[in-house]
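Undergrad: predicted model and sequence below, questions to follow.
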2 protein chains.
Amino acid sequence: MEPRSGCPINAAVEVLGDRWSMLVLRDVIFGDRRFFRALLTGSIEGIASNILADRLRRLVDDGMLTRDDPGRGRRATYSLTESSIALVPVFAALGSWGRRYRETTEELAVRAELLEEGGPAMWEDFMAELRVTHLGAPTPPHPREPVVERLRAAREAARSRAAG
Amino acid sequence: MEPRSGCPINAAVEVLGDRWSMLVLRDVIFGDRRFFRALLTGSIEGIASNILADRLRRLVDDGMLTRDDPGRGRRATYSLTESSIALVPVFAALGSWGRRYRETTEELAVRAELLEEGGPAMWEDFMAELRVTHLGAPTPPHPREPVVERLRAAREAARSRAAG
């Protein structure tokens, strides 16, 4: 489908301007969920099965995800593409805004806080890690502690604090 | 309505995850359109009148816009709030992404390019200008050339180039 205008913000929201598409991408990027069932059962917003199926199909059509074809009876794996990996700064900006201007819980906001503190350098590191995991890029030669681990550890720590 | 989760990205997309809401906010922020008719007739994506009315109402309900009440027969003015002014970095990130990963026209992408080059310092200046225009904040003491003028000039220059 032709975009309704040549404006880059319109171009972005025509692909992303649907809350479920954004949440599915968030879960693939930050939650490392690659399978239909993991995306369905892990959804903290309770996505419905038919909506998840529709959004995955659309995201594949729009070049935001690829889906392997593992053959009869085996589950398909979804992978990010360069286009969707490049959304990390958009998610960081959305997370910073949401954390500040809407109601959120500390446990879930801690990742956004860490991404904001880390800034563009951390986003680049995270995108490089996603290219390794999803696109088969070679592992960078001087690995620091992966961002994905730092995000996971921050959320775990917040979860323990919340549990008292 | 309660958000479906306490995640800041979910919180953001519950308000913004609708393409028309984002485009209306884009036109108020970057196009300085403050009236229903200006938003309707100026929409390069051709927003329908009933959709515009609905999204304006929702954005007011969500605290993203205020609407003055000018009395019988006079047109209402919409103003940004601190929450929606704080979306400038989100729009900059979306514009950078759209410009790079989707099809856009040079005339419409030039603003995104300028915002990307200017970086967070320019976004802060622009947000300060929006606070003057929309929230009645005092004009900053050492005015540079306003960002709104630089964005407008860049677009005009690109339009002239496109017209040959």
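TA: Right, received. Where do you want to start?
Undergrad: for the rest of this, base every contact and every neighbour count on C-alpha atoms.
TA: Noted.
Undergrad: tell me the domain boundaries of chain A?
TA: Here the domain assignment for chain A is A:8-81, A:87-163, based on automatic domain parsing.
Undergrad: tell me what A:Thr66 is bridged to.
TA: A:Ser79 (DSSP bridges).
Undergrad: how far away is it from A:Thr77?
TA: 8 Å (C-alpha to C-alpha, to the nearest Å).
Undergrad: now do A:Glu14
TA: Taken as C-alpha to C-alpha, the spacing of A:Glu14 relative to A:Thr77 amounts to 25 Å.
Undergrad: the two: who's more crowded?
TA: When A:Glu14 and A:Thr77 are compared for neighbours, A:Glu14 comes out ahead with 18 against 15, by other C-alpha atoms under 10 Å in any protein chain shown.
Undergrad: confirm for me that the more buried one is in contact with B:Trp20.
TA: No: proximity of A:Glu14 to B:Trp20 does not meet the contact threshold set by C-alpha atoms under 8 Å, at 9.3 Å.
Undergrad: max-length helix in chain A?
TA: As far as residue count goes, and with DSSP state H defining each element, the longest helix of chain A is helix A:106-135.
Undergrad: which elements pack onto that one?
TA: In terms of contact count using 3 or more C-alpha pairs under 8 Å, 6 or more residues apart in numbering or on different chains; DSSP states H and E, helix A:106-135 is assigned the packing partners strand A:78-80, helix A:82-85, helix A:88-101, helix A:147-163, helix B:8-16.
Undergrad: any buried residues in that helix, and which?
TA: Taking 16 or more other C-alpha atoms under 10 Å in any protein chain shown as the neighbour-count basis, helix A:106-135 is seen to contain the buried residues A:106-116, A:122-131, A:134.
Undergrad: now it: average pLDDT?
TA: Helix A:106-135 comes out with an average pLDDT of 93.
Undergrad: off-centre distance for it?
TA: Between the centre of helix A:106-135 and the centre of its host chain there is 10 Å, according to C-alpha atoms, centre = their mean, to the nearest Å.
Undergrad: by how many degrees do it and helix A:147-163 diverge?
TA: Between the direction of helix A:106-135 and that of helix A:147-163, the angle (axes from the mean of the first three to the mean of the last three C-alpha atoms, to 10 degrees) works out to 160 degrees.
Undergrad: could you pull out the buried residues of stretch A:42-58?
TA: Of the residues in stretch A:42-58, A:Ser43, A:Ile47, A:Leu52, A:Arg55, A:Leu56 count as buried by neighbour count, 16+ other C-alpha under 10 Å.
Undergrad: name the element the third one belongs to?
TA: If you go by DSSP states H and E, A:Leu52 is part of helix A:49-61.
Undergrad: who touches that helix?
TA: Surrounding helix A:49-61, the residues in contact under the criterion C-alpha atoms under 8 Å, 6 or more residues apart in numbering or on different chains are A:Trp20, A:Ser21, A:Val24, A:Phe36, A:Leu39, A:Leu40, A:Leu65, A:Thr66, A:Arg67.
Undergrad: one more pass at 7 Å, please.
TA: A:Ser21, A:Leu40, A:Leu65, A:Thr66 (C-alpha atoms under 7 Å, 6 or more residues apart in numbering or on different chains).
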